[in-house]
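**Student:** Quick one: sequence and predicted model below, then my questions.
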Amino acid sequence: MRDSMDSVRTTCPYCGVGCGVLAERQAPDGEWSVRGDPDHPANLGRLCSKGAALAETLDLPQRLIEPTLRGADGTLETTDWESALERVATGFRETIAEHGPDSVAFYVSGQLLTEDYYLANKLMKGYIGAANIDTNSRLCMSSAVAAYKRAFGSDTVPVSYRDLEQADLVVLIGSNTAWAHPVVFQRLIAAKEARPEMRFVVIDPRRTATCDIADLHLPIAPGTDILLLNGLLAHLADRGRIDRSFVEAHVEGFDATVEAARHDSQDIENIAQRCGLPVDDIQRFYDWFTATERSVSLWSQGLNQSASGTDKGNAVINLHLATGRIGKPGMGPFSITGQPNAMGGREVGGLANQLAAHQDFTPADIDRVGRFWQAPNMATEPGLKAVDLFEAMRDGRIKAVWIMATNPAFSLPDSTTVREALDACPLVVLSECHGGTDTAGFADVLLPANTWGERDGTVTNSERCISRQRAFLDAPGQARPDWWIVSQVARRIDPSWATAFDFPDSASVFREYARQTAFENAGSRDLDLAGLAELSRDDYQALAPTRWPVQAGRDGERETIDLFADGRFFTDDRRARMIPVDNRGAASALTPAFPLRLNTGRLRDQWHGMTRTGPVPRLNTHRGEPTVSVHPFDAARYRLRGGQIARIGNAQGEILARVSLDDEQRRGSLFVPMHWSHLTASRSGVNNVIASDTDPVSGQPEFKTQAVWAEPYAAHWYGWALVCEGATRPPALAGWPGDYRVVIQGAGLQRLELAGIDAPADWIAWAQTELAPPADTARQWIEFADPKGGQYRVACLAEGRLQSVLFVSRRSRRPDIGWLTDLFSHAPLSDQDQADLLAGKPATPGEDRGPIVCACFDVGQNTLIDAIDTQQITDARQLGECTQAGTNCGSCIPELKQLIARRLTETSN
Ligand code: SF4
């Protein structure tokens, strides 16, 4: 709500933690700033590095602000809304008339607000009459949805953040919480500080920043999670630590599940050997879980993004059902979601195999949803899940697709095939805020959508808490809310649908959705927002974060209910189900040709395809380039050298990434971050080498265990460039030489990292053509060329100021970027500066801060090491007092602790 003219409560648009954000400005025409909302239950005032930098993202580059149509010759032309909406509606209407409703599809996003999602789902499933609407949340948590539904009969997340803090044992499985859900991690650290007896077990092939909190880290062999979890279930049964009375009263499938677990896991030595873990560590984990009543098992993409992700989720849930550790404070199985509104999408039926308001494709639910919507064309069977949907597009079954707020050409596995599908589809509509995504290049119609700061609606976070995302900015140009765009297209596809899509504002959409959750519910479904179904516009505007279910009390009060506290679930007989599962391993087999497992995931300071975080200089200081993390043992084996470029490939394709030696990486495994798209790098999109292997139940693709090969990229040269913004006209990323090209946004500068085999015949001539400032500027070139040694240095000055600099060398070792960056602020460059440029290094080396660890205060690793050594620092708090590192958002604290520990070990040896 708008506390005053200049303070608006909203929520962060990034991850599923769903932090509350206060957007503030001192004067009506002043700059907006952000801080964590101290009253929001998810974060209590905290923000991570991404959230803390939100104010720096309000002026997005390449913002799409006009409806745009692609002509027959491929050129784009802006148009008015009426023409664009008519083009979309006509395209869908004619396609449906000629080929039927199953020939069209929507592909939507966990970035959408619940109101946007709700109307898109209503249009497709109730009015068009097909269920081909799926969401990019399919890629992040659909296995958890499927596992919950198999176990509980409903997609119910039965744990809150408070439960995590109240637990005595937290098992983090396949989750780098410290980087992917940083504020939850900060809450865990605070809980551990308050109760040091709390224990943490981290199960992850990599030693990640999350291991900072681990009392026990199990670096499990990729693809063996079920084996470990089944072994624990068998251990619990063998030790008589089953909650017999709970199982007898509330659970089906216990005997068969334990028998399957025993069959799968055999004895602990066998488990240890197959999971690649020490027997003692497994024993400790089993003993701790067995002995600790208050246990929460938190999992994330490490389990979900698997061809057996649903079984993995059930392997976790089985443990909690067998021990009765569910529905009580401080315990339960907790799948934490990736995107800000993945949960909202689940609630409104944004997945192709669900109906709205947590209903399914059963005859009764189809009938109920159809009656509520007064739907003329109610879908009667599930639609195509994401990977299948794009396959259907490629083979011509889907002839019109509307993509909302997502970039499938970048984010789906097997990107080449996805691009072929988009290319083959006769009508591709994209509603987006960013006009330059990979997918935008395939769109026939681009519809400008509102983005964070302009959007107004609701989101649901990982703990089922509904929060308002409020607008505090006017939308630029002709950008509009997604729910408005959907409603306008609907009434143009068929004018008789106009009443069903007549909504004056997002509040009215929310009310209809809330009423649907309550429609003929009477306790039969978990999701019930009856208490919010009659919100006035003002109430909606003022809505405080609210955890569902929210029923309507007798005196109009809202009543919340603790789900599963009574041991009653949402299956027909109200009993939960334990599901027998066995370990099937990774989908792609290791072979001599593909000997390494490739894991993908997030970095601390970036989000998805970097459209929002990439333009923020300070978020690029932590990790600027696409790297492949390799254990030194594997690096030696596959001739990969730190700092050089590696080729990583398989039958899907090939990518390039800079080698980062990392002894915390499991041997035989590689890690490549997911964030680089064509906007920021040339050949580093990791999904080019991910196959479309999906879970048979959930349809979620496997992103964590791809079999690949790796070898050195035989670069003949390496290049580095810094280009001052505005003063020169550097080529677009594609215009730079080299196979490996990465652009990194800095403060007023763009940095280019390059490597290649072929090179321009004359580097100096190339630079003088491509990096020249405007012709009317007095230019000066500083050049050094040693063709025999493969060294070139060229710098361009305009009126004495440095405009651009390009260094080329045969060696991968980069010049000191800090020194080069500082030169751009020298006006004019001194003779010594110019001599240094010619020499390629400063005559008097300045402080080299090393790689940046604290992005908030720009504190580098060398500065930290120096402080640790000279001040004899032993903890992160002291280091913060000394250097400021970690004293703002706190996202770097795990790395500070790791650095201190490593330094103390090194100096004591
Ligand atoms: S943890 Fe960070 S990215 Fe996630 S919601 Fe909170 S501030 Fe945003």
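**Tutor:** Yes, it's here. Remember, it's a predicted structure, so these values are computed and weren't measured experimentally.

**Student:** Grab the nearest non-local neighbour of A657.
**Tutor:** V628 (4.0 Å; C-beta to C-beta, 6 or more residues apart in numbering). Quick note: C-beta positions are derived from backbone N, CA and C, even for glycine.

**Student:** Tell me if I'm right that the one you found and L670 touch.
**Tutor:** Yes. V628 sits in contact with L670 when judged by C-beta atoms under 8 Å, with a separation of 5.3 Å.

**Student:** shared neighbours of these two, anything?
**Tutor:** 648, 710 (C-beta atoms under 8 Å, 6 or more residues apart in numbering).

**Student:** Follow the chain on from the longest helix along the chain and name the next helix or strand.
**Tutor:** In the chain, with assignment by DSSP state H, the single longest helix is helix 81-99. Where DSSP states H and E defines the elements, the next helix or strand beyond helix 81-99 is strand 104-108.

**Student:** what about that next one, distance to the chain center?
**Tutor:** When distances are taken as C-alpha atoms, centre = their mean, to the nearest Å, strand 104-108 is centred 20 Å away from the chain's centroid.

**Student:** Just want the angle from it to helix 81-99.
**Tutor:** Using axes from the mean of the first three to the mean of the last three C-alpha atoms, to 10 degrees, the direction of strand 104-108 lies 130 degrees away from that of helix 81-99.

**Student:** how many neighbours does the residue in the stretch 1-150 of the chain positioned nearest to the ligand have?
**Tutor:** As assessed by C-beta to the nearest ligand atom, the ligand sits closest to G51 within the stretch 1-150 of the chain, at 2.4 Å. The local packing count at G51 equals 25, with neighbours defined by other C-beta atoms under 10 Å.

**Student:** next one: E77
**Tutor:** E77, neighbours per other C-beta under 10 Å, totals 11.

**Student:** Next: T611.
**Tutor:** By other C-beta under 10 Å, neighbour count at T611 equals 25.

**Student:** give me every residue that touches it.
**Tutor:** T611 makes contacts with 60, 62, 407, 434, 436-437, 679, as judged by C-beta under 8 Å, 6+ apart.

**Student:** Determine which two of those are furthest apart.
**Tutor:** Comparing all pairs in the contacts of T611 by C-beta to C-beta, the longest separation belongs to L60 and N407, at 14.0 Å.

**Student:** okay, these two: which has more neighbours?
**Tutor:** More neighbours sit around N407 than around the other of L60 and N407, counting by other C-beta under 10 Å; the figures are 22 against 18.

**Student:** Please report how far the more buried one lies from the ligand.
**Tutor:** In this view, N407 and the ligand are 18 Å apart by C-beta to the nearest ligand atom, to the nearest Å.

**Student:** Around the ligand, pick out the residues from the stretch 51-200 of the chain.
**Tutor:** Contact residues, the stretch 51-200 of the chain versus the ligand (C-beta under 6 Å from any ligand atom): 51, 181-183.

**Student:** what's the helix or strand for T10?
**Tutor:** T10 is located in strand 7-11, with elements delineated by DSSP H and E.

**Student:** and that strand with the ligand, contact?
**Tutor:** No. If you take C-beta under 6 Å from any ligand atom as the test, strand 7-11 misses the ligand, and the best it gets is 7.3 Å.

**Student:** if I've got this straight, Q652 is in a helix?
**Tutor:** No. Applying DSSP: H, G, I helix; E, B strand; the rest coil, one finds Q652 to be coil, outside a helix.

**Student:** Let me see the contact set for the residue nearest to it when sequence neighbours are not counted.
**Tutor:** Among residues not flanking Q652 along the chain, V689 sits closest, at 5.0 Å (C-beta to C-beta, 6+ apart). By C-beta under 8 Å, 6+ apart, V689 lies in contact with 598, 648-650, 652-655, 706, 708.

**Student:** Give me the buried subset of those residues.
**Tutor:** Judged by neighbour count, with 16 or more other C-beta atoms under 10 Å as the criterion, the buried members of the contacts of V689 are 598, 648-650, 652-653, 655, 706, 708.

**Student:** what's the lowest-pLDDT member of these?
**Tutor:** Per-residue confidence over those reaches its minimum at Q652, where pLDDT is 92.

**Student:** Test my guess that it contacts A691.
**Tutor:** Yes. The pair Q652 and A691 qualifies as a contact (C-beta under 8 Å) at a distance of 5.6 Å.

**Student:** so what sits against both of these two?
**Tutor:** Both Q652 and A691 are in contact with D414, where contact means C-beta under 8 Å, 6+ apart.

**Student:** quick revisit: residue contacts, the residue lying closest to the residue of the stretch 1-150 of the chain closest to the ligand once chain neighbours are set aside?
**Tutor:** In space, and not counting its chain neighbours, G51 is closest to C12: 4.5 Å by C-beta to C-beta, 6+ apart. For C12, the contacting residues are 18-21, 47, 50-51, 54, 340, by C-beta under 8 Å, 6+ apart.

**Student:** swap the cut-off to 10 Å and go again
**Tutor:** Under the criterion of C-beta atoms under 10 Å, 6 or more residues apart in numbering, the contact partners of C12 comprise 18-21, 34, 36-37, 40, 42-43, 47-48, 50-52, 54, 183, 340, 452, 459, 461, 467, 469.

**Student:** Quick check, pLDDT for P851.
**Tutor:** P851 is assigned 76 on the pLDDT scale.

**Student:** For L879, see how far away the residue lying closest to it once chain neighbours are set aside is.
**Tutor:** Excluding the flanking residues, the one nearest P851 by C-beta to C-beta, 6+ apart is Q861, at 5.0 Å. Distance, Q861 to L879, using C-beta to C-beta, to the nearest Å: 12 Å.

**Student:** Look at these two and report which has more neighbours.
**Tutor:** L879 (26 against 17).
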